[in-house]
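J.: Need a 3D model of the sequence below.
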Amino acid sequence: MVVLFFELLCFASCAFLIYVFVQLWREEKQSRAVMRPTSQAGRPQLRLVRSQRRPASLSESTSGWQGQRGISGAAVALLVIGLHPWAAHCQEKPTSAKASEERERVLLERIDRLERRLAELEARMVDKASINASSEPSITPRTSQAAHAATAAGSSPGSDQSPDNPANNAAASADWLKADATQKQVVGQVASARKLPFGFGIFRGVNSTTRQESQPLTAPSSPALAAPAQAQGEARPLPSTKPSNKASASEPFAFADFTWLNGNARTKKSAMDTKFFTPEFRADVDYIYDFNHPQDDTIGGSSEVFRSGEVQVTQLGVGGDFHYDNVRGRLMTQFGMYSQTTPRNDASPSRGQWNLDNAYRYLSEAYGGYHFNVLHGINVDAGIFLSYIGLASYYQFDNWTYQPSYVSSNTPWFFNGVRVQIFPTEHLKIEPWFINGWQSYGRFNNRPGLGMQVLWRPNGWLSILGNQYGLGQDTLATPGRTRLHTDDSIEVKYYDNEEKFFDKAAFSLTLDAGCETGGGVSCFGNRKGGPKQSFLGYMFYNRFWFHKDLFGLTLGGGKINNPGRYLVLLPPINGATAASGTPYFTQNPGDPYIAWDASATFDYMPSQYITFRWEFDHRAANVPYFSGRGGITPPGGNTGPPGSLVPGFTPDLRKIENRINLALLVKF
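T.: Purely as a prediction, here's the structure:
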């Protein structure tokens, strides 16, 4: 029995000894066939990419062709066994020589078939490398949701890919360098995937000390396929369908994942993206429990919450982004409560004719524009676009809280005008505005407003946003009163470890300051110009994520001081609007107003497209402001002109409001 065991062991040693030498000989022969010299490196280069038969993509390994062959540890061990005296003992047994030769012949035939198959795969991979290197599309920055469609579209229609094209000939060396870089990523993957029988691997064209065999197969991503960064006030540049022989600039803010930001949607891709249109759907449905229990179920002093004790559709938006041949556009509707509450906070439609509030009532965004392939992209858009003064987004799905603090809730949600978005680098955006006024469909007087946003993101954990506004005369029927405002925010992600249950943490800090001057008021007060008319406020929020972003917890609040009350949301007492005003809550120069709030928000996010939100809000002011148990509606309903005095009626206003907000938020 022992003799039989040693005979089998000797046979195996001899067979693998022959196999190793044959394999090395074949490897030498095959490497000569696929290697080609290059003038840059001065050493052999092997062009390999993934084949069409192997859908697994490539890892971004940094190790490449080392100009030498490696043999697995198992093969080396077998070589040592073959040199052991047992091999000589095997050769001394002529009775088993014929059987050994027959088995070796069968084994070598199998190896030969496997080698031919691998050679065919490598040939296909080389062909695929040539195609990819010559037809790789030029990608210009665009909206993050449409980037995948731009990549899938491939080369531009009508582009000349002929070798007679001088531009293509001029780019041949660059294409070869691209293929060479791809080869460096591929060689190790191909080698690790080429497994021979019995689990013994032979690595081809790569140093055996590399770790490529243990790395996952992941595709190297282009800048346009990086994590989305739908920045504050940012509409991403769109792709050009015109052929270009120049290397495209990197996409702005695509170098990191910014879906953690307050005011940014956390969706990483569109569910229905196409080459020409990226559709978008939003739903915001809430239930508010107000501890003041107003009898008319009306809540005032907020631009997000309006009714108590009822399920209400706050926002239902249908629309999306259009993009073709550098022409761009966006449409988003606003059905539900927003279609009534947002227009009533704008007094400009009362100046002149044509009912601007009705004309735009069901539109939250509506603009068209053009993308210029300059720098890292320049967009010129005209129409209604969102404002990010106050950091938070108009859409609650994008925010860390449902009810943001006053600094956000009392500042503009939209502008009507023209903006130019300039991206000098992938880290910076400069955006000047020419607009009708401060969150207005029209002008309040005879002067438009000017403003600018600057957004800087030097890395993936820091975002700095600045919004500046001036020149506008935004008090109705008060020419000569000019508004100035600065809004500045910083957001920092200070912890990120997705392997832990507590996986992420970030904070946002927003500081606002402004004033009005002229028309009977002044920025500093106690002067000839009139009483002080100013705004000073801040808000701070800290956000925690848990269990791979399945849960979120946000704690924070803020405070404002706004003498003159020019940015205080007017309570809708007896149907009052921003244009009508009301004697029950005046907004005269010098009227004091100080308010503060705090909130705790818990989110459950089972999908990137939906959020279940629970929130507690505590709000307070130094004057009676919030709806009390008696409500703010006269007993017989709204009576007389909006906001007018009703004999025998006094609205029930309180200094404190506590409520619970429950919301279901959808965006895809």
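J.: Roughly how far does the closest residue in space to residue 425 that isn't next to it in sequence sit from residue 464?
T.: Taking CB to CB, 6 or more residues apart in numbering, and ignoring the residues beside it in sequence, residue 425 has residue 376 as its nearest neighbour in space, at 6.1 Å. For glycine as for every other residue, the C-beta is placed from the backbone atoms N, C-alpha and C. Applying CB to CB, to the nearest Å, the value for residue 376 to residue 464 is 18 Å.
J.: between those two, which one's more packed in?
T.: Neighbour count, other CB atoms under 10 Å: between residue 376 and residue 464, residue 376 has more, with 23 against 14.
J.: Assess the claim that that one and residue 427 are in contact.
T.: No - counting by CB atoms under 8 Å, residue 376 sits too far from residue 427 to count as a contact (9.2 Å).
J.: any residues in contact with both of those two?
T.: Here residue 376 and residue 427 share the contacting residues residue 252, scored by CB atoms under 8 Å, 6 or more residues apart in numbering.
J.: So, low pLDDT: which residues of the stretch 201-350 of the chain?
T.: Along the stretch 201-350 of the chain, segments meeting pLDDT under 70 span 201-249.
J.: need the helices for it, in chain order.
T.: Ranges of helices within the stretch 201-350 of the chain are 338-344, based on DSSP state H, counting those that start in this stretch.
J.: Pull the number of nearby residues for the residue nearest to residue 628 when sequence neighbours are not counted.
T.: Distances taken as CB to CB, 6+ apart place residue 652 nearest to residue 628, at 3.5 Å, with adjacent residues excluded. Residue 652: 16 surrounding residues under other CB under 10 Å.
J.: again with residue 487
T.: 26.
J.: Quick check: it touching residue 510?
T.: Yes - Residue 487 lies in contact with residue 510 (CB under 8 Å); the separation is 6.9 Å.
J.: Name the residues contacting each of the two.
T.: 390, 391, 407.
J.: could you pull out the helices for this structure?
T.: Remark: helices assigned in the chain by DSSP state H are 2-34, 73-83, 85-91, 97-135, 147-153, 166-170, 172-193, 338-344, 356-360, 406-409.
J.: Of these, which shows the lowest average pLDDT?
T.: Of all these, the minimum mean pLDDT falls on helix 147-153 (a mean of 36).
J.: measure residue 104 to residue 117 for me?
T.: Counting by CB to CB - residue 104 and residue 117 are separated by 20 Å.
J.: oh sorry, the question was meant for residue 662
T.: When distance is defined by CB to CB, residue 662 is 61 Å away from residue 117.
J.: Same drill for those two, tell me which one is more crowded.
T.: Per other CB under 10 Å, whichever of residue 662 and residue 117 has more neighbours is residue 662, with 15 against 10.
J.: Local confidence estimate at that one?
T.: Looking at residue 662, the pLDDT reads 98.
J.: and the closest residue to residue 583 other than its chain neighbours, how many neighbours does it have?
T.: Among residues not flanking residue 583 along the chain, residue 645 sits closest, at 5.7 Å (CB to CB, 6+ apart). Other residues within reach of residue 645, judged by other CB under 10 Å, total 12.
J.: May I ask you to confirm that residue 645 is in contact with residue 581?
T.: No - Residue 645 lies out of contact with residue 581 (CB under 8 Å); the separation is 11.7 Å.
J.: OK, contacts around residue 422?
T.: Per CB under 8 Å, 6+ apart, neighbours of residue 422: 375, 378, 429, 430, 431.
J.: Go ahead and confirm the second one touches residue 420.
T.: Think residue 378. Yes - the criterion here is CB under 8 Å, and residue 378 meets it with residue 420 at 6.9 Å.
J.: distance of the residue nearest to residue 571 when sequence neighbours are not counted from residue 654?
T.: Nearest residue to residue 571 in three dimensions, chain neighbours excluded: residue 300, at 3.4 Å (CB to CB, 6+ apart). According to CB to CB, residue 300 and residue 654 sit 11 Å apart.
J.: what sits in contact with each of the two?
T.: By CB under 8 Å, 6+ apart, residue 300 and residue 654 have these common neighbours: 625, 626, 627.
J.: hang on, isn't residue 515 packed against residue 536?
T.: No - using CB under 8 Å, residue 515 makes no contact with residue 536, being 9.1 Å away.
J.: Comparing these two, which residue is more hemmed in?
T.: When residue 515 and residue 536 are compared for neighbours, residue 515 comes out ahead with 21 against 16, by other CB under 10 Å.
J.: List the contacts of the nearest residue to that one once chain neighbours are set aside.
T.: Using CB to CB, 6+ apart and skipping residues adjacent in sequence, the residue nearest residue 515 is residue 523, 3.6 Å away. Taking CB under 8 Å, 6+ apart, we find residue 523 in contact with 484, 515, 516, 517, 532, 533, 534.
J.: Which residue is the nearest non-sequential neighbour of residue 454?
T.: Closest residue to residue 454 apart from its sequence neighbours, by CB to CB, 6+ apart: residue 466 at 4.7 Å.
J.: re the thing from before, gap between the residue nearest to residue 515 and residue 592?
T.: Residue 523 is 16 Å from residue 592, by CB to CB.
J.: burial measure for the closest residue to residue 359 other than its chain neighbours, as a count.
T.: Sequence neighbours aside, residue 441 is the residue nearest to residue 359 in space, at 7.4 Å (criterion: CB to CB, 6+ apart). Residue 441 has 21 neighbours, counted by other CB under 10 Å.
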